[in-house]
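Peer 1: kindly return the folded structure for what I paste below:
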Amino acid sequence: MKSLARSNVGFHWRLFLSAVSVLALSGCLIYVAVGISAANIRSFSTYQRSLDVDLYIRSTGRDSVSLQKLLTEVDLYEDIIRAEPYLGRTRPQQVRLDDEVKQLSIAEIELGEDVILVPRFISSEAKEALSVPGTIIVSSTLKEKNDFKMGDVLWNSDDSFGLEIIGFFDAAVNRGFIGARTGYGFVSPETGRLFSPSTPRAIHFGGGVSRNFSRISMVGVRIPPDTSPEIAKQRLNQQFKGASLEAITPQEMGRRTSLDAILESKQFQGFLVVGVFAVLIPLFIIVQTLRSAILTQSQQFATMRALGIPSRHLVSTAMEQAFWVGTLGIGVSYCVMLGVKAGLLGRGIDMYVTSTVVWYVSAAILLAALIAGVISLTAIFKMKPQDLLR
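Peer 2: Here you go, the predicted model:
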């Protein structure tokens, strides 16, 4: 048998349609605020997370002496089959195209097949193409941001060397520069030296291991394929006791990098404060809108009290209405969010919305709807049968 609450929602569909619309738009605003904030936070570590490593090893002290020792004693650790120093060879550069100065973050990557500190989306074919000096592949977002096209030549500051664009890539790392007219470009170390000869570099030997140990901030490692990263991390940390070293997963490294960047950036802290209000205000709107929708049925509730219907039935009716409207709002807001996300992604703006985010936002919308039902109960219990004569 159909409940009274669902019958009311169906009968007064125009009234509740407006409430569902407000819930959907408010929920979508929450998704956008949370999704873009999360994407901005993750953007601080987007390059490191794109690298094809199983674990990172970092020094817990102030120097890199322990990392130097690790690189010379890799054979002592059965959970490490390859280790390479993370040198952070990503540099913002000014390039010139058709007499216009453009911004580009150029990253040098080793081209060997067994190298691990290289983004996962760089294919073997791309590595082979980049082996030709003077070639570069760049972020696809730069097609619109900087009007880059296939075959364009990007010149360095003194016009002594140019980089020919031989391809574009599309990956999450593209969206690491939200709101900025820049992006990543990848070149071989040889091309990097020719393009910017004055930049200090590490000396490499043995498949990318650096002798310039003072620049090492982390070490990326590859573990045996039949070993879980969590298990390898625990075993390595047991072996590292007293050595001022710590093994962490790429996910943990990303969170720490992002947290450090947030603590250092006052501008981003202000952005997060705005994001918090962008979540709280829609929740307040949801509560007020649904409360008003329920209270428009005041005469109906007064009639029910005049007929002697128990208070618990009035409570269940109001709360069930709030529940169904909240549920409809959750579904519609999710669909609207998918459309907004697709539109933003087409413009190179990422919204990081995981299943966990969906659950939390859905719970927040439903909770706000139920709070509206609870608040409306106060007004419902104040209604008296004689109110029908007014």
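
Peer 1: OK, contacts around Gln251?
Peer 2: Shown in contact with Gln251 (CB atoms under 8 Å, 6 or more residues apart in numbering): Arg49. Placement of C-beta: from N, CA and C, glycine included.

Peer 1: now Ala33
Peer 2: Per CB under 8 Å, 6+ apart, neighbours of Ala33: Gly275, Ala278, Val279.

Peer 1: in strands, which of these appear?
Peer 2: The strands, defined by DSSP state E, take in nothing from the contacts of Ala33.

Peer 1: take the residues you listed and keep only those in helices.
Peer 2: Gly275, Ala278, Val279 (DSSP state H).

Peer 1: those into CSV, with extra columns for pLDDT and distance to Ile285?
Peer 2: Below are those laid out as CSV (pLDDT from 0 to 100; distance: CB to CB, whole Å):
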residue, pLDDT, distance to Ile285
Gly275, 75, 16
Ala278, 76, 12
Val279, 77, 11
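
Peer 1: so which of the residues you listed comes closest to Leu29?
Peer 2: Leu29 has its nearest neighbour among these in Ala278, at 6.5 Å by CB to CB.

Peer 1: that closest one touches Ser26, doesn't it?
Peer 2: No. In this structure Ala278 lies outside contact range of Ser26 using CB atoms under 8 Å: 10.4 Å.

Peer 1: okay, those two: which has more neighbours?
Peer 2: Ser26 (23 against 16; other CB atoms under 10 Å).

Peer 1: now the more buried one. Nearest residue, chain neighbours left out?
Peer 2: Nearest in space to Ser26, with sequence neighbours left out and distances taken as CB to CB, 6 or more residues apart in numbering, is Pro282 at 3.5 Å.

Peer 1: run a quick neighbour tally on the one you found.
Peer 2: There are 25 residues near Pro282, going by other CB under 10 Å.

Peer 1: so what's it up against?
Peer 2: Ser26, Gly27, Leu29, Ile30.

Peer 1: may I see those arranged in CSV, with secondary structure as well?
Peer 2: Formatted as CSV, the contacts of Pro282 follow (DSSP: H, G, I helix; E, B strand; the rest coil):
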residue, secondary structure
Ser26, helix
Gly27, helix
Leu29, helix
Ile30, helix
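
Peer 1: now the residues you listed in JSON lines, with distance to Leu367?
Peer 2: Below are the contacts of Pro282 laid out as JSON lines (distance: CB to CB, whole Å):
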{"residue": "Ser26", "distance to Leu367": "13"}
{"residue": "Gly27", "distance to Leu367": "12"}
{"residue": "Leu29", "distance to Leu367": "16"}
{"residue": "Ile30", "distance to Leu367": "12"}
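
Peer 1: restricted to buried residues, select those residues in PyMOL.
Peer 2: The following PyMOL line selects those of the contacts of Pro282 that are buried, judged by 16 or more other CB atoms under 10 Å:
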select buried, resi 26+27+29+30
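
Peer 1: can the contacts of Pro282 go into TSV with extra columns for pLDDT and distance to Gly339?
Peer 2: Listed next are these as TSV, based on pLDDT from 0 to 100; distance: CB to CB, whole Å:
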residue	pLDDT	distance to Gly339
Ser26	85	16
Gly27	85	13
Leu29	86	14
Ile30	87	15
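
Peer 1: now Leu111: how far from Glu320?
Peer 2: 64 Å (CB to CB, to the nearest Å).

Peer 1: Ile371: which of the ones in helices among the contacts of Ala33 is nearest?
Peer 2: Among these, Val279 lies closest to Ile371 (CB to CB), at 14.9 Å.

Peer 1: hmm, the closest one is touching Val34, no?
Peer 2: Yes. In this structure, Val279 is within contact of Val34 by CB under 8 Å, at 6.6 Å.

Peer 1: what about the two, which has more around it?
Peer 2: Taking other CB under 10 Å, Val279 and Val34 do not tie; Val34 has more neighbours (21 against 18).

Peer 1: so what's the more buried one up against?
Peer 2: Gly275, Val279, Val353, Val357, Val361.

Peer 1: make sure it is indeed in a helix.
Peer 2: Yes. Secondary structure of Val34 (three-state DSSP): part of a helix.

Peer 1: and stretch 219-239, how far apart are its ends?
Peer 2: With CA to CA, to the nearest Å as the measure, the first residue of stretch 219-239 is 16 Å from its last.

Peer 1: which parts of the stretch 51-200 of the chain are strands?
Peer 2: 55-59, 82-86, 90-97, 100-108, 135-139, 153-155, 162-169, 184-187 (DSSP state E, counting those that start in this stretch).

Peer 1: going by mean pLDDT, which of these comes out lowest?
Peer 2: Among the strands of the stretch 51-200 of the chain, strand 90-97 carries the lowest mean pLDDT, a mean of 78.

Peer 1: by contact count, what packs against that one?
Peer 2: Applying 3 or more CB pairs under 8 Å, 6 or more residues apart in numbering; DSSP states H and E, we find strand 90-97 packed against strand 100-108, strand 153-155.

Peer 1: flag every buried residue along that strand.
Peer 2: Buried residues in strand 90-97 (16+ other CB under 10 Å): Thr90, Gln93, Val95, Arg96, Leu97.

Peer 1: repeat for stretch 238-252
Peer 2: For stretch 238-252, using 16+ other CB under 10 Å, the buried residues are Phe240, Ser244, Leu245, Glu246, Ala247, Ile248, Thr249, Pro250.

Peer 1: Ile106: which of those residues is nearest?
Peer 2: Pro250 (22.5 Å).

Peer 1: helices and strands of this protein: which one has the lowest mean pLDDT?
Peer 2: strand 204-205 (a mean of 36; mean pLDDT, DSSP states H and E).

Peer 1: now the helix of greatest length in the chain: buried residues?
Peer 2: Using DSSP H to define each element, the chain has its longest helix at helix 311-346. Buried residues in helix 311-346, counted by 16+ other CB under 10 Å: 314, 317-322, 324-330, 332-334, 336-337, 340-341, 344.

Peer 1: please consider this matter closed, and thank you.
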